[in-house]
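Asker: what's the 3D shape of this:
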Amino acid sequence: MSYDPNAANIAMLKGYVQSARPMEEMFSVRGKTAIVTGATSGLGFNIALRLLQGGANVVIAGSSQKKGDYTLPILAEAGFGADRVVFCRTDVRQEEDMIHLVETADKTFGSVDIFVNSAAVWSYAHIYDLPEAEFRRVIDTNITGAFLGIKHVSQYMIDHKIHGKITLISSNSAWLPYPVFGGYPHYAASKGGVNSLAIEAAKELKRFGIMVNVVAPGGMVTAGASSNMCAQGLSEEKQDEFYEELMVWQNDGTQAVDTVAIVAYAMSTPMSDGMTGEIVVADAGMSHNIVKYQAAIEQYPETLEEEA
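Answerer: Residues are numbered from 1 along each chain as shown. Predicted coordinates:
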C-alpha cells in the first residue's frame, strides 16, 4: 500500500475545520464576570464599557465613592443598569479591600472570570528631588495593587476551577525614555515591576488554566494625566512641552484611549487562549520610532511612477 501524503494533509485540514470555534464566540465575553480596577476614569472606564458591550457583567472598582456615584448613571444611560454593572469602592493598596472586591463580584454575579488591573497613579518629579513618600505611593499603588489583585482573583479562580483571564495595564515607559518631559522614575520603575510580576504570575498560574498578560500603551490624554500634572504645579509651558512630546512620538497626536481598551478587551476573550506571560505593546508605533520617521519618509514619492 503506497503512502499518500495528500491524504494526511486532507485529514488534517478537515480536522481544522471541525475544531474551529465560531468567530463570534472567539471575540465574546458574554455571560462572563469581569472586575476592572481604576474603572471610573480614562482607560479603565473604556475597558469596562467595552466588556459590557461584549456581554460581560462588570464590577468597576475605584478609590473614590463620588466618582462611582456619577459613573454608574453614565453607564445606565448607555444601557447598562444595576443588573449588569456595580461599583465597589476599593483602595487597591489594601488587602482587605481587594478581598472585598472579589467577594462583591461573587455575591453579585456569581463568578470572577476576568480581571483587568488598570488602577495606577503617577506624578511629575525628577529623581534628584523626588520625595520618598511619593515614590512609595506610586510603587505601592501600581505594583502592590496589581499583586493583591492577582493574588485574590487567582485564588478565587483556582478554588472555583475557572480558566480565567488576567490582564495588567502597564506602559511603554518601562523601557522607553521620553526625552522631553522625563521626571517620572517612580512611575517607570513601577511599570517595569508590573511587567515582571505578570510574567512570573503567568508561569505559576498556567497549570490552572489562568492566563496572565500585559497591555502596554503609550501616552494618552486622560483626566487623570491632566490632573496629575496640574496637581504638581507644572507651568503651562511645561504642560505644553508634555503634550508636544506626545505629539512627536505618537501617531496622529496623542493615542486614543479606546484603541488600547479594545486590545485589553481582546485579551479577555477566547482569542487570547494561546497567550500568557506576554507584553502586548499597543502604543501606535511609539516604541519603534515609527512616527518620528514620518517626516523623512514623506519626502519620497508615494509611487515609482512619481519618481520617474
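Asker: and after whichever strand or helix holds V86, which helix or strand comes next?
Answerer: For V86, the host element (DSSP states H and E) is strand 85-89. Downstream of strand 85-89, the first helix or strand assigned by DSSP H and E is helix 95-109.
Asker: which elements pack onto that following helix?
Answerer: strand 33-37, strand 57-62, strand 85-89, helix 145-159 (3 or more CB pairs under 8 Å, 6 or more residues apart in numbering; DSSP states H and E). In short, each C-beta sits where N, CA and C put it, glycine included.
Asker: hey, C-alpha coordinates of the longest one in PDB?
Answerer: Translated: helix 145-159. Output in PDB follows, covering the C-alpha atoms of helix 145-159 (Å, rounded to 0.1, in the frame of the first residue of the first chain):
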ATOM      1  CA  GLY A 145      -2.200  46.900  43.800                       C
ATOM      2  CA  ALA A 146      -1.500  44.600  40.900                       C
ATOM      3  CA  PHE A 147      -0.100  41.900  43.200                       C
ATOM      4  CA  LEU A 148      -3.000  41.900  45.500                       C
ATOM      5  CA  GLY A 149      -5.400  41.800  42.600                       C
ATOM      6  CA  ILE A 150      -3.600  38.800  41.000                       C
ATOM      7  CA  LYS A 151      -3.400  37.100  44.400                       C
ATOM      8  CA  HIS A 152      -7.000  37.200  45.400                       C
ATOM      9  CA  VAL A 153      -8.500  36.800  41.900                       C
ATOM     10  CA  SER A 154      -6.300  33.800  41.100                       C
ATOM     11  CA  GLN A 155      -7.200  32.200  44.500                       C
ATOM     12  CA  TYR A 156     -10.900  32.500  43.600                       C
ATOM     13  CA  MET A 157     -10.300  31.200  40.100                       C
ATOM     14  CA  ILE A 158      -8.300  28.200  41.400                       C
ATOM     15  CA  ASP A 159     -10.900  27.400  44.100                       C
END
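Asker: roughly how far does R89 sit from K66?
Answerer: Separation of R89 from K66 (CB to CB, to the nearest Å) stands at 10 Å.
Asker: so for these two, which residue has more residues nearby?
Answerer: R89 (18 against 10; other CB atoms under 10 Å).
Asker: that older thread, got the angle between the strand holding V86 and strand 33-37?
Answerer: With axes from the mean of the first three to the mean of the last three CA atoms, to 10 degrees defining the directions, strand 85-89 sits at 40 degrees from strand 33-37.
Asker: quick one: strand 85-89 to helix 95-109, angle?
Answerer: Strand 85-89 and helix 95-109 meet at an angle of 160 degrees, taking the same axes, to 10 degrees as the criterion.
Asker: pairing partners for strand 85-89, with directions?
Answerer: According to DSSP bridges, strand 85-89 forms sheet pairs with strand 57-62 (parallel).
Asker: so where's the stretch 201-308 of the chain shaky on pLDDT?
Answerer: Along the stretch 201-308 of the chain, segments meeting pLDDT under 70 span 220-235, 238-255, 289-308.
Asker: just the strands in it please.
Answerer: Applying DSSP state E, counting those that start in this stretch to the stretch 201-308 of the chain gives strands spanning 211-217, 279-282.
Asker: so M12 versus Y3, what's the distance?
Answerer: Distance, M12 to Y3, using CB to CB: 15 Å.
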